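Trainee: any chance you could fold what I've pasted below:
(chains A and B)
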Number of protein chains: 2
Amino acid sequence: MEKTNIAIVGMGTVGTGVARLLLDHGDRTSRHAGRTLWLKKAVVRDLQKPRDVELPDGVVTDSIADVLNDPEITVVAQLIGGLEPARTIMLDLLEAGKDIVTANKALLAQHGPELFNRARELGRSIAFEASVAGGIPIIANISQCLSANQIVSLEGILNGTSNFIVTQMDERGASYDDVVRQAQKLGYAEADPAMDVDGSDAAQKLAILAHLAFGATVDWNDIPRVGIDGLAADDLTYARKLGYRIKLLGVAKLADDGLELSVGPTLVKIGTPLAEVRDAFNAIRVIGDAVGPVFYHGLGAGQMPTASAVVADLIDTAVGRTRLTFQTLEYFSIDQPPRVKLRDADTLVGRYYFRLPVSNHPGTLASIATVLAKHGISIASVIQHETSDEADGSNDPQIDPVTLVVMTHEATAGAARKATLEIESLATVTGPVVRLQVKD
Amino acid sequence: MEKTNIAIVGMGTVGTGVARLLLDHGDRTSRHAGRTLWLKKAVVRDLQKPRDVELPDGVVTDSIADVLNDPEITVVAQLIGGLEPARTIMLDLLEAGKDIVTANKALLAQHGPELFNRARELGRSIAFEASVAGGIPIIANISQCLSANQIVSLEGILNGTSNFIVTQMDERGASYDDVVRQAQKLGYAEADPAMDVDGSDAAQKLAILAHLAFGATVDWNDIPRVGIDGLAADDLTYARKLGYRIKLLGVAKLADDGLELSVGPTLVKIGTPLAEVRDAFNAIRVIGDAVGPVFYHGLGAGQMPTASAVVADLIDTAVGRTRLTFQTLEYFSIDQPPRVKLRDADTLVGRYYFRLPVSNHPGTLASIATVLAKHGISIASVIQHETSDEADGSNDPQIDPVTLVVMTHEATAGAARKATLEIESLATVTGPVVRLQVKD
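Mentor: Residues are numbered from 1 along each chain as shown, chains lettered A, B, ... in the order given. From the prediction side, this is the model:
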């Protein structure tokens, strides 16, 4: 049987999972690839570090040169995270004639055009299924399976850490800080979870998907994004009362005047598929103009789901499918102008949820409603929440802060933004306003 | 730009949809294929019949020879249903050197090995994404995207007609016959819906998926199957009372002693994703040993969802990916022994729902419970349903037929089958027993 020599660069969690699949399930991979995928080298930083997988003699090395200088190794799983040295290593591997499989979404979101153009110049390929929503093969589904369609919209829960946190806050009524600590203990959140909880990770994934699905060329930093780090347990409770759950949604939607892109905590109607996605799962709903709605649900991260995506890419690359796709689709090409422009975020239309900390003066609601009306925003429903102290009658209702929750009818994002600023300057509003999108 | 000449054989609903995508969206297909997909011929039975798509001059023909004898045509969408002449046409097209894309699941379920082996001998390929669950790209997902996994189980709602019927019976309380007539009017059911409602269509699709996912070589006729044609509106009502919906599920599950395969109406817990699949949608839940559970949901049939799958296959074939996959995976190979054997259906373990029409004698429940106990089946819960006449006190309770619903704990299918026969022979049981599987 023919043999393709593989190297893994970076033996962290995912690299270890990939090595396990290649070593323990060689029969399976060779049946699906029609050839043996032979793990020849695994590059690690520290040779002494104990590992969860037993590598055959001679496989492990701490020198990338052992891969670069071995012409027998033709396919490399590049599994080092971050931007550098990952970018330089990737360029070196391409120069050395290797086809690459990677899970590094930050690198692609930042340096995609440079890396993909260099790969094309050198006649090499880069496969990246594992970079978005690990267990959901969304890259192949958009690039190949739905290729007869103009994709019209794509909405997804793309960050498993955030979804775990909001699910636990919602179901256990726990505070944000408590759940983050729990997520860190369970390995669902990094020591510094900032990129996950502030929406950056989801924005990077959305930038990649928006390029594949719509030909948008977008810096992920330009995608309007809000994280879950500003959510209070109260927001989840109010949302539930109103018939919604809060999910960190990435949205890409095509309209006549361009592409709408956003990432933010969103009220999603209870009972709809996206609302029922729990814990570390991801889900993506794609609408194509021919196929209609297609919904995908699977684990968003984790060792083996991500390794599954990496090994599927290794097989596709060994078989030759990746190169055909890569040559044909010209992803992240510097020469190709973007096929869509981004819509001005302020013009996007949606419904909004506002949570406002207010002092309990007469006329507070009137003053807020007046600001909203001035910006053309009409109110759909209001929840006014008495504090428990007030309910006791033990406090002065004139000075007690209470919470006001307002759901609006459709309004532009610009109007909602301006109204928020103006409302926050009202004397009766005692703190920052939480403003969330509502999806119906 | 390079050009691939395409022919469509069979201009029914799906063929018309495929022609539309090729003619109206050439920019899109050529971008995704890196070449023009040129519709050169469309073979129809009746040249005079009015069509829903305007074909350019010279495209339409009633002679298959115009395709067979044109060496410029390299890829053919073969969209004639049924077994003959579809099989002969397919063999002729392969002999003439054409790569084939088809949506004909009955043909593949029946003659897959013959057709695939001939294609391999001739160095040609057959793509068949549209043959199972139209809008869900399950063939590519199993063959490529999840190729790093041993698939452990696969459960699906594979027949949109049946699902439409049970959804409408459940939600509107309508009778089976009424809903079938409505489905026919809406175009969801054929004039003769037998293959859909008796489970045959789902069994054919399951046979194909079981081959791809498990290497099982199975005649679809050998898959134990029950249709929805025996369901009463009452069954849906009782199921709902017990916390379930009834869905026609196809199940393939791997165990140490072989593969379990079955098609039948199944009680699925309300709130789980499969239970919430409504109307003409299909859904498939796959569990892989690395990736974990992946859930797919989309339209199961219909003109444009199926055409979307056909055109994706045309693109894959024009690009060259199909041939690589086809050569590598050796689907339906006569030379390859099946990788799994089927489990004896009688040994499968599950919970059961029994609906029994009984006469209201004292001791009826005792006699039924005794038979169940004899076969090692223990009862989890019972609903005894008084007839409304009886509740009026106007009838003799000694002779009134009533309905008894019994949910069991786990039992083997063999025990359930034998117990059913024995129960039906009891003097107090007045008609056939409805026995359904329960999925927890």
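
Trainee: so in chain A, where's the weakest helix or strand by average pLDDT?
Mentor: Least confident helix or strand, chain A: helix A:388-392 with a mean of 47, by mean pLDDT, DSSP states H and E.

Trainee: partners of the next helix or strand after it in the sheet?
Mentor: Using DSSP states H and E, the helix or strand that follows helix A:388-392 in sequence is strand A:401-408. Strand A:401-408 has the following sheet partners, assigned by DSSP bridges: strand A:349-359 (antiparallel), strand A:379-385 (antiparallel).

Trainee: buried residues in the longest one?
Mentor: In other words, strand A:349-359. A:Gly350, A:Arg351, A:Tyr352, A:Tyr353, A:Phe354, A:Arg355, A:Leu356, A:Val358, A:Ser359 (16 or more other Cβ atoms under 10 Å in any protein chain shown). For glycine as for every other residue, the C-beta is placed from the backbone atoms N, C-alpha and C.

Trainee: turn these into JSON lines, columns for pLDDT.
Mentor: What follows is the buried residues of strand A:349-359, written out as JSON lines (pLDDT from 0 to 100):
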{"residue": "A:Gly350", "pLDDT": "92"}
{"residue": "A:Arg351", "pLDDT": "96"}
{"residue": "A:Tyr352", "pLDDT": "96"}
{"residue": "A:Tyr353", "pLDDT": "96"}
{"residue": "A:Phe354", "pLDDT": "96"}
{"residue": "A:Arg355", "pLDDT": "94"}
{"residue": "A:Leu356", "pLDDT": "93"}
{"residue": "A:Val358", "pLDDT": "91"}
{"residue": "A:Ser359", "pLDDT": "86"}
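
Trainee: and those, which is closest to B:Thr408?
Mentor: Nearest to B:Thr408, judged by Cβ to Cβ, of these is A:Tyr353 at 46.6 Å.

Trainee: burial count for the spatially closest residue to that closest one that is not a sequence neighbour?
Mentor: Distances taken as Cβ to Cβ, 6 or more residues apart in numbering or on different chains put A:Leu436 closest to A:Tyr353, at 4.5 Å, once the chain neighbours are dropped. For A:Leu436, the count of nearby residues is 23 (other Cβ atoms under 10 Å in any protein chain shown).

Trainee: how about the secondary structure of A:Leu436?
Mentor: Recorded secondary structure, A:Leu436: strand (DSSP: H, G, I helix; E, B strand; the rest coil).

Trainee: gap between it and B:Gly264?
Mentor: 44 Å (Cβ to Cβ, to the nearest Å).

Trainee: next up, the contacts around the residue nearest to A:Tyr353.
Mentor: Going by Cβ atoms under 8 Å, 6 or more residues apart in numbering or on different chains, A:Leu436 touches A:Val226, A:Asp235, A:Ile246, A:Gly264, A:Pro265, A:Thr266, A:Leu267, A:Tyr352, A:Tyr353.

Trainee: and it, how far from B:Lys269?
Mentor: As judged by Cβ to Cβ, A:Leu436 and B:Lys269 stand 31 Å apart.

Trainee: what do you get for A:Ala309?
Mentor: 30 Å.

Trainee: so between the two, which is more surrounded?
Mentor: Taking other Cβ under 10 Å, A:Ala309 and B:Lys269 do not tie; A:Ala309 has more neighbours (34 against 14).

Trainee: contact residues of the stretch 151-300 of chain A facing chain B?
Mentor: The interface of the stretch 151-300 of chain A toward chain B, taken as Cβ under 8 Å from any Cβ of the partner chain, is made up of A:271, A:273, A:276, A:288-299.

Trainee: surely A:Ala307 and A:Val14 touch.
Mentor: Yes. Applying Cβ atoms under 8 Å as the test, A:Ala307 and A:Val14 come out as touching, 5.7 Å apart.

Trainee: where do the contact lists of the two overlap?
Mentor: Shared contacts of A:Ala307 and A:Val14 (Cβ under 8 Å, 6+ apart): A:Ala130.

Trainee: neighbour count: these two, which is higher?
Mentor: More crowded of A:Ala307 and A:Val14, by other Cβ under 10 Å: A:Ala307, with 28 against 25.

Trainee: once you drop chain neighbours, what's closest to the more buried one?
Mentor: Leaving aside its sequence neighbours, A:Ala307 sits nearest to A:Gly17 (Cβ to Cβ, 6+ apart; 3.1 Å).

Trainee: tell me what the helix or strand harbouring the one you found is packed against?
Mentor: Using DSSP H and E, A:Gly17 sits in helix A:13-24. With contacts defined as 3 or more Cβ pairs under 8 Å, 6 or more residues apart in numbering or on different chains; DSSP states H and E, helix A:13-24 has these neighbours: strand A:3-9, strand A:36-43, helix A:303-319.

Trainee: cool, thanks, signing off.
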